[in-house]
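[1] have a look at this fold, sequence not included:
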């Protein structure tokens, strides 16, 4: 009896050792990716997996309409896994489905090869349910702006557009965002470039954002871009320049943001600090020389 028990232990150990030389593929992650919305919603399942060296196996991806794999089969894809240790990306066939529907999928590996997903299964079955909902068909890559004198140039770039409707350009100068323009989407599958120029001399920081609108009315907002205020320097002129003694003046067209004019010599010493009470500042008492003017 003792001899029999010893042989059974050896057999069990030997069996475990053989199974480790040909393990099941490792499913590292999976996700369902939606590509478009109404009226032609499409998607596919992406799987990252690795297989042991030397043995081909098969990977099955089934997608169902509805939760818990109870509805109609939307795609049934069988993939051959080569014997490689590094992780690779695999995907199901692209399929169509009713927009907004809940979907579910199953992933199963098999010991069979050559694209035959049948026979002995290998490893546990992975089951996932993906709640319904739409994905905005406009994929925004970048959005930025810069000031050019009294104009603000807005640029944005899309990576993909499918069934997009339009962009709203919205501006906030302190009273909330207001729509100032609308640009139709180009619906380029590879993305597109857009530009909008806004005349703006606001003396405070201006915020802009985009509203990306889908054909079915769904939308989302871009990140906010803040543009600095128009410089007061553009509203100031010194005349004549150069000037003869007793004739120098500063004209300030808009004094709402300027309270003081400071006069410096070239060493950086403040020679004058003049309160601004009107649009003309008299510098007639300055001696011959060169000076720096600072608006505060």
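    Ah, there it is. Remember, predicted model here, so these are calculated numbers, not experimental data.
[2] what segments of the stretch 51-200 of the chain are strands?
    57-65, 73-81, 88-91, 95-96, 103-110, 121-130, 138-148, 151-161, 164-172, 178-184, 193-199 (DSSP state E, counting those that start in this stretch).
[3] report how many residues lie close to residue 159.
    Counted with other CB atoms under 10 Å, the neighbours of residue 159 add up to 13. Just so you know, the C-beta spots here come from the backbone N, C-alpha and C atoms, and that holds for glycine as well.
[4] pretty sure it contacts residue 139?
    Yes. Using CB atoms under 8 Å, residue 159 and residue 139 qualify as a contacting pair, with a distance of 4.4 Å.
[5] which residues are in contact with both of these two?
    Among the neighbours of residue 159, those also in contact with residue 139 (CB atoms under 8 Å, 6 or more residues apart in numbering) are residue 191.
[6] what about the stretch 1-150 of the chain, any weak spots by pLDDT?
    1-22, 35-40, 53-54, 84-86, 113-115, 133-137 (pLDDT under 70).
[7] could you dump the strands of the stretch 51-200 of the chain to a markdown table with distance to residue 272?
    Converted to a markdown table, those look like this (distance: least, CB to CB, whole Å):
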| stretch | distance to residue 272 |
| --- | --- |
| strand 57-65 | 78 |
| strand 73-81 | 79 |
| strand 88-91 | 71 |
| strand 95-96 | 76 |
| strand 103-110 | 75 |
| strand 121-130 | 71 |
| strand 138-148 | 31 |
| strand 151-161 | 34 |
| strand 164-172 | 39 |
| strand 178-184 | 42 |
| strand 193-199 | 35 |
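[8] nearest to residue 283, of those strands?
    The closest of the strands of the stretch 51-200 of the chain to residue 283 is strand 138-148. By CB to CB, the value is 29.4 Å.
[9] the closest one packs against which elements?
    Counting contacts by 3 or more CB pairs under 8 Å, 6 or more residues apart in numbering; DSSP states H and E, strand 138-148 is packed against strand 151-161, strand 206-214, strand 225-227.
[10] one step back: for residue 224, find the nearest of the strands of the stretch 51-200 of the chain.
    Between residue 224 and the strands of the stretch 51-200 of the chain, the shortest gap by CB to CB is with strand 164-172, which sits at 8.0 Å.
[11] name the strands paired with that closest one and say parallel or antiparallel.
    According to DSSP bridges, strand 164-172 forms sheet pairs with strand 178-184 (antiparallel), strand 206-214 (antiparallel).
[12] compute the inter-axis angle for it and strand 193-199.
    Interaxial angle, strand 164-172 versus strand 193-199 (axes from the mean of the first three to the mean of the last three CA atoms, to 10 degrees): 30 degrees.
[13] flag every buried residue along strand 164-172.
    164-165, 167-171 (16 or more other CB atoms under 10 Å).
[14] so what's the residue count around residue 129?
    Close neighbours of residue 129, defined as other CB under 10 Å, add up to 14.
[15] thought it was touching residue 70?
    No. Residue 129 is beyond contact range of residue 70, at 10.2 Å (criterion: CB under 8 Å).
[16] okay, and the common contacts of these two?
    residue 104.
[17] wait, residue 62 sits on residue 73?
    Yes. Here residue 62 reaches residue 73: they are 6.1 Å apart, a contact under CB under 8 Å.
[18] measure how buried residue 228 is and give me the count.
    Based on other CB under 10 Å, the number of other residues close to residue 228 is 11.
[19] nearest spatial neighbour of it, skipping sequence neighbours?
    residue 205 (5.9 Å; CB to CB, 6 or more residues apart in numbering).
[20] again, but for residue 60
    residue 117 is the one closest to residue 60 (CB to CB, 6+ apart), at 3.9 Å.
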